[in-house]
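J.: Could you work out the structure for the sequence below:
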Amino acid sequence: MAKIAASSIRQITRTIASTNSLAPSPPPPTTATAIKTAATTTTTDLEPYTPPPIQPLTPAAKTLISSLLPPPHTAPTIAAADRAVRALCSVNLPDDAVSLLLHLHEIHSLTPDRYTYNFLVKHFCNRHRSSLSFASVYDLISRFQVTFGLFPDLVTYTILIDNVCNSKNLREATRLLSELTKAGFKPDAYVYNVIMKGYCSLSHGNEVLRVFREMKENGVEPDIVTFNTLVFGLCKSGRVKEAVKYLDVMEEAGFEPDVVAYTSIMNGLCRQGDVLDAVRVLGQMEAKGCKPNACSYNTLVYGFCKARLVDRAMEIYRVIKEGGMKLESASYATLLRGLCKEGKVSEAYEVFDYAVLSKSVSDVTAYSTLEAALKWLKKAREHGLAF
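T.: Numbers count the residues shown, from 1 in each chain. Have a look, this model is predicted:
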């Protein structure tokens, strides 16, 4: 998804640059409330946004940009300003990057282009993702709207929606989608996919399906990522039979189900304890010429262990080992515990050795999981629960 996101944003940005025109933006209001208003208040009486004073550049920032910009009395090009902004952000000085643009606008009437604008929005989003607070992002948008007359475009909204979905703030993502439409932009498949993925992370299958239907109603054609996300979301919320039906819908739309879709179905079946059905799906998948990957096999390892069919899980493990694939941490831990519960300590050590040598999991995780499994076995033997 990350690669898709990057290419999508670059494509949209190139389109904007080539046409040098955007969907009609409203004229800058005399008292800007910006898009943060709806996110931060529910009152009808909105206070106008008042930009804070421009902060001076820090000594570190001045030193860094001294070789990137001309002398203070000479107006820099937009490209030079962009390089300086990116350099400041690369050393974690984004506030200085904003101050620099404000100073250049005040002295030379320089206005950044949309490449710089969206770069800063994305950087501020990533910066504050861990705190789940985007107040500074909306402040940045408000300030650029008032100072430079720059309004969010499709790229900006895509960046914002992507980040709030990663923070699992789906209510805000839905609000931004509405704002995007009101601003005259049409959301594309990528935007809908991001929101669907966000609902998947919360196991909200109904919402995933609702967004999918809304997308089609609005005339946006689903792509293969859309269908894979839909199938995954339905399976994660326990609606495997419904997900299987969408494989047919996927084919009717011209997309052949791939390893991602089939593995999602297998995973959903294994979670329900239907590992034998998952094996049948594996057979159907291979019959259609779709090659399983490490994730497919790891799913079966987990499923067999959950069904207490450890010997079958070991058969799949050996397929993974012979193929030079990695064990996922969850399947490794499940298999190790299953082997120890069966008293198959030597095989548990074999799996442990492969997990370490193949760097499937960190050494700490490998050792701690093995230690916990062996401790369980020791106590089980003391109580006559294992042999």
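
J.: Could you point out which residue ranges in this protein have low pLDDT?
T.: Along the chain, the parts satisfying pLDDT under 70 run over 1-47, 129-133, 380-387.

J.: what residue lies at the spatial centre of it?
T.: Residue closest to the mean C-alpha point of the chain, counted by C-alpha atoms, centre = their mean, is residue 166 at 5.4 Å.

J.: Does that one touch residue 198 like I think?
T.: Yes - under the criterion of C-beta atoms under 8 Å, residue 166 is in contact with residue 198, at a separation of 7.5 Å. (Glycine included, C-beta is placed from N, CA and C.)

J.: centre of the chain versus stretch 169-183, how much separation?
T.: Its chain's average C-alpha position is 17 Å from that of stretch 169-183, according to C-alpha atoms, centre = their mean, to the nearest Å.

J.: what do you get for stretch 246-260?
T.: Mean C-alpha position of stretch 246-260 versus that of the full chain (C-alpha atoms, centre = their mean) differs by 23 Å.

J.: Endpoint to endpoint, it covers what distance?
T.: As for stretch 246-260, its first-to-last residue distance stands at 13 Å under the measure C-alpha to C-alpha, to the nearest Å.

J.: Show me which residues of it are buried.
T.: Residues of stretch 246-260 classed as buried under the neighbour-count rule (16 or more other C-beta atoms under 10 Å) are 246-247, 250, 255, 257-258, 260.

J.: who's in contact with that stretch?
T.: With C-beta atoms under 8 Å, 6 or more residues apart in numbering as the test, stretch 246-260 has contacts from 221-224, 227-228, 230-232, 234, 261, 265, 285, 288, 290-293, 295-296.

J.: so residue 289 is in which element?
T.: In the assignment (DSSP states H and E), residue 289 maps to no helix and no strand.

J.: That one: how many residues sit nearby?
T.: Residue neighbour count, defined by other C-beta atoms under 10 Å, stands at 7 for residue 289.

J.: And for residue 206?
T.: Counted with other C-beta under 10 Å, residues neighbouring residue 206 total 12.

J.: Name the helix or strand for it, please.
T.: Assigning secondary structure by DSSP H and E places residue 206 in helix 205-217.

J.: so what secondary structure elements neighbour the lengthiest helix in the chain?
T.: Here the longest helix in the chain is taken by residue count, with DSSP state H as the criterion, and it is helix 363-382. In this structure, helix 363-382 packs against helix 329-341, helix 345-357, with contacts taken as 3 or more C-beta pairs under 8 Å, 6 or more residues apart in numbering; DSSP states H and E.

J.: Need the winner for burial among the ones you listed.
T.: Ranked by mean neighbour count under mean count of other C-beta atoms under 10 Å, the helices and strands packed on helix 363-382 are led by helix 329-341, which reaches a mean of 22.

J.: Mind listing residues that contact that helix?
T.: Looking at helix 329-341 with C-beta under 8 Å, 6+ apart, the contacting residues turn out to be 298-299, 301-302, 305-306, 308, 310, 313-314, 317, 327, 345, 347-348, 351-352, 355, 360-361, 365-366, 369-370, 372-374, 376-377, 380, 386.

J.: rerun at 7 Å
T.: Surrounding helix 329-341, the residues in contact under the criterion C-beta atoms under 7 Å, 6 or more residues apart in numbering are 298, 301-302, 305, 310, 313, 317, 347-348, 351-352, 355, 360-361, 365, 369-370, 373-374, 376-377, 386.

J.: I'd like to know how far the residue nearest to the centre of the chain sits from residue 195.
T.: For residue 166, the distance to residue 195 under the criterion C-beta to C-beta, to the nearest Å works out to 11 Å.
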